[in-house]
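Engineer: The sequence and its predicted three-dimensional model are supplied below.
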Amino acid sequence: MIARLVTARCLRTMSRATAPLSLVLVSLALFLASPAVAQPPEGSGAAESKATADIADRMIIPPPLEDLGRDYKIRLVYFVPSDCEVKENYRQKIEVLMRVVADIYRREMKSNGLNSRGLDFEFEEEGESDEQGKLKVFLVKGREPAVFYRGEPVDTRRMRNTQTQEIWENTGFSRNRAVLVWTEVGSIAEASPIPQHYSGFAYVSGDMLRDEITELTIEEQIENLLDTTPVQRGEGDKKQPRNAEPQVANGVLIHELGHIFGMLHDSANVNNVMYYGYHHLGRSFDSKTAASRPVRFSPPHARMAAATRFLSEKFDAKDREGPTIHEFSRLEPPKVGDETVRFKLKLSDNAGLSTLVCMQRGGEWNDALVGDIDFKGEKEFEKTVTFTCPRPLGKSKPVMYWINVIDVNGNLSQQQIGWTQVLQEEESGEAEDGG
């Protein structure tokens with residue numbers, strides 16, 4: 001739900017032979033630029049063939065996507081403004097990307113002991129097209145040029161809202177659909193949940209459909225995710241592993257969908273996909289390293305996702321009422337040196353509460369999951385809880401807190417405690433005296 005917008009650009013002409021273009025995918029402080037077509041790696045052809053053969057022996061190939069028959073599905077959209085060109089083979093590439101995404105979600109549910117068959121997608125139905133049974137990808141050709149959607153200067157809110165409206169007009173309203181959009185409007189990685197309609201939009205850059213990042217077959221894509229051969233993207237650029245861009249691109253999809261499912265940023269473990277864990281996504285498809293879960297969801301985030309109607313195997317669809325957050329308040333003002341934070345929580349739900357996650361932003365740290373509660377179906381909860389800050393609070397940054405709460409039937413509620421300046425000890429005393 002947090003914007004990570006950098007530059008915006010339009011793809012006018014592009015072929016498999018030339019791609020003089022930079023990809024910018026940003027998640028928080030991430031900045032990864034990659035202009036041109038990869039140059040051949042140094043070394044003999046024999047050495048390269050041996051390395052390729054070694055990778056092939058280690059690859060874990062995600063299974064094909066299947067229609068699971070859920071009523072709550074992932075909707076896939078490719079949005080192209082009027083002055084931009086549709087990338088070749090976009091449907092095949094999107095299916096390759098989603099096989100990776102679906103496999104990570106399926107495996108992480110299992111690793112956390114949660115019962116879920118994984119994500120479900122829309123497929124072409126009889127009479128809709130000549131491709132019955134194939135993964136459905138909506139191609140939405142915008143009425144306006146790219147600058148209309150992104151604004152001048154770039155306006156993130158406008159970029160999101162203008163595309164969403166046209167997507168609804170072309171695909172129908174997104175109730176019961178988590179919508180993942182590849183857009184040629186500009187570089188973006190942002191998600192906005194719409195929990196009251198069991199929906200949400202995750203926008204990512206169409207740049208990731210470039211040939212250098214996404215292959216036409218799953219076998220080639222997994223090979224790219226594992227290939228650490230140093231390559232030089234353009235003249236004067238530093239070499240970087242060949243798998244750097246594919247890992248980030250595929251990982252951003254997993255991450256942004258996570259926000260629609262109620263996950264928040266989580267820097268407690270460098271392997272968390274809701275942090276920067278996806279920089280090592282390839283290791284999850286390497287038989288030598290996959291068992292260590294080099295990319296993962298934290299247990300509370302896995303529980304949160306598993307409770308949504310997109311992953312849950314048992315819920316009452318008639319229940320459309322989210323948890324009631326009667327109170328979410330700090331008991332003391334934040335002060336320099338605090339290592340914990342105390343909240344008064346009062347929550348209730350007619351069917352039963354499932355999971356709560358709480359994120360801290362600021363306070364000398366970027367977006368840390370500071371606490372969680374597994375309610376195990378309790379209908380009422382009223383307690384004072386103590387959560388641990390990622391590091392002692394400092395004076396330089398204000399702090400805010402955010403909770404997501406989901407019930408046993410996949411209804412999500414959210415609330416924030418807005419920005420609060422961190423006080424010095426003497427300031428804290430004065431605030432309490434004046435209270």
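Structural biologist: Yep, that arrived.
Engineer: Please make it C-alpha for all contacts and neighbour counts, starting now.
Structural biologist: Fine.
Engineer: didn't Gly142 look like it was pressed against Glu85?
Structural biologist: No: counting by C-alpha atoms under 8 Å, Gly142 stays clear of Glu85, with 11.0 Å between them.
Engineer: Looking at the two, which one has more neighbours?
Structural biologist: Higher neighbour count among Gly142 and Glu85: Gly142, with 22 against 15, using other C-alpha atoms under 10 Å.
Engineer: show me the contacts for that one.
Structural biologist: 79-82, 163, 166 (C-alpha atoms under 8 Å, 6 or more residues apart in numbering).
Engineer: Not counting its neighbours along the chain, what's nearest it?
Structural biologist: Nearest residue to Gly142, sequence neighbours excluded (C-alpha to C-alpha, 6 or more residues apart in numbering): Pro81, at 4.3 Å.
Engineer: ok, the one you found - contacts?
Structural biologist: Residues counted as contacts of Pro81 (C-alpha under 8 Å, 6+ apart) are 141-146, 184-185.
Engineer: Look up how far Glu144 lies from it.
Structural biologist: Between Pro81 and Glu144 the computed distance is 6 Å (C-alpha to C-alpha, to the nearest Å).
Engineer: ok, now Gly172?
Structural biologist: Taking C-alpha to C-alpha as the measure, Gly172 falls 19 Å from Glu144.
Engineer: Likewise for Arg91?
Structural biologist: Taking C-alpha to C-alpha as the measure, Arg91 and Glu144 are separated by 23 Å.
Engineer: same check, this time on Val248
Structural biologist: Distance of Val248 to Glu144, computed by C-alpha to C-alpha: 30 Å.
Engineer: neighbour-wise, which of Gly172 and Glu144 wins?
Structural biologist: Glu144 (13 against 10).
Engineer: one step back: now the buried members of the contacts of Gly142.
Structural biologist: Restricting the contacts of Gly142 to buried positions leaves 79-81, 163, 166, with burial counted as 16 or more other C-alpha atoms under 10 Å.
Engineer: ok, of those residues, which one's closest to Val101?
Structural biologist: Val101 has its nearest neighbour among these in Phe79, at 19.9 Å by C-alpha to C-alpha.
Engineer: ok now do that closest one, which residues does it touch?
Structural biologist: Contacts of Phe79 by C-alpha under 8 Å, 6+ apart are 139-142, 163, 167, 181-185.
Engineer: Tell me the buried residues in stretch 304-317?
Structural biologist: Judged by neighbour count (16+ other C-alpha under 10 Å), stretch 304-317 contains these buried residues: 304-312.
Engineer: Next: stretch 185-192.
Structural biologist: 185-192.
Engineer: With adjacent residues omitted, what lies nearest to Asn89?
Structural biologist: Sequence neighbours aside, Leu216 is the residue nearest to Asn89 in space, at 7.5 Å (criterion: C-alpha to C-alpha, 6+ apart).
Engineer: OK, contacts around that neighbour?
Structural biologist: Applying C-alpha under 8 Å, 6+ apart, we find Leu216 in contact with 89, 92-93, 96.
Engineer: picking that back up, any chance of the buried residues of stretch 185-192 in CSV, with secondary structure and distance to Gly69 too?
Structural biologist: Listed next are those as CSV, based on DSSP: H, G, I helix; E, B strand; the rest coil; distance: C-alpha to C-alpha, whole Å:
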residue, secondary structure, distance to Gly69
Val185, coil, 33
Gly186, coil, 34
Ser187, coil, 33
Ile188, coil, 31
Ala189, strand, 29
Glu190, strand, 28
Ala191, strand, 25
Ser192, strand, 25
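Engineer: Do I have it right that Val399 meets Leu423?
Structural biologist: No: Val399 is beyond contact range of Leu423, at 10.6 Å (criterion: C-alpha under 8 Å).
Engineer: what touches both of the two?
Structural biologist: Common contacts of Val399 and Leu423 (C-alpha under 8 Å, 6+ apart): Pro334.
Engineer: pLDDT weak spots in the stretch 301-435 of the chain?
Structural biologist: Where the stretch 301-435 of the chain drops to pLDDT under 70, the residues are 425-435.
Engineer: same check, this time on the stretch 151-300 of the chain
Structural biologist: By pLDDT under 70, the stretch 151-300 of the chain contains no weakly predicted segment.
Engineer: sorry, back to before: tell me which of the buried residues of stretch 304-317 is nearest to Gly418?
Structural biologist: Nearest to Gly418 among the buried residues of stretch 304-317, counting by C-alpha to C-alpha, is Met304 at 23.0 Å.
Engineer: How about the closest one, nearest residue that isn't a chain neighbour?
Structural biologist: Nearest to Met304 is Thr355, by C-alpha to C-alpha, 6+ apart, at 6.0 Å.
Engineer: check which helix or strand covers the one you found.
Structural biologist: Here Thr355 sits within strand 353-362, counting by DSSP states H and E.
Engineer: partners of that strand in the sheet?
Structural biologist: Strand 353-362 pairs in its sheet with strand 368-374 (antiparallel), strand 399-407 (antiparallel), by DSSP bridges.
Engineer: Report the distance from that strand to the chain centre.
Structural biologist: 17 Å (C-alpha atoms, centre = their mean, to the nearest Å).
Engineer: so who does Gln378 touch?
Structural biologist: Rather than Gln, residue 378 is Glu. By C-alpha under 8 Å, 6+ apart, Glu378 lies in contact with 352-354.
Engineer: Need the residues you listed in a markdown table (columns: neighbour count and distance to Ser199).
Structural biologist: Shown next, in a markdown table, are the contacts of Glu378 (neighbours: other C-alpha atoms under 10 Å; distance: C-alpha to C-alpha, whole Å):
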| residue | neighbour count | distance to Ser199 |
| --- | --- | --- |
| Gly352 | 18 | 21 |
| Leu353 | 28 | 20 |
| Ser354 | 25 | 19 |
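Engineer: ok, so of these, who is nearest Ser298?
Structural biologist: Minimum distance to Ser298 across the contacts of Glu378 is 15.8 Å, recorded for Ser354 (C-alpha to C-alpha).
Engineer: Now that closest one: closest residue in space, sequence neighbours ignored.
Structural biologist: Using C-alpha to C-alpha, 6+ apart, the closest residue to Ser354 is Asp407 (4.6 Å).
Engineer: what's the neighbour count on the one you found?
Structural biologist: Asp407 has 31 neighbours, counted by other C-alpha under 10 Å.
Engineer: Distance of it relative to Ile254?
Structural biologist: Remark: distance between Asp407 and Ile254 (C-alpha to C-alpha) = 23 Å.
Engineer: if we can go back for a sec, taking the buried ones among the contacts of Gly142 one by one, which sit in strands?
Structural biologist: Among the buried ones among the contacts of Gly142, DSSP state E puts 79-80 in strands.
Engineer: Just the closest of the buried ones among the contacts of Gly142 to Leu65, please.
Structural biologist: Distance ranking of the buried ones among the contacts of Gly142 against Leu65, using C-alpha to C-alpha, places Phe79 first at 22.3 Å.
Engineer: Could you tell me the model confidence score at the closest one?
Structural biologist: Looking at Phe79, its pLDDT stands at 98.
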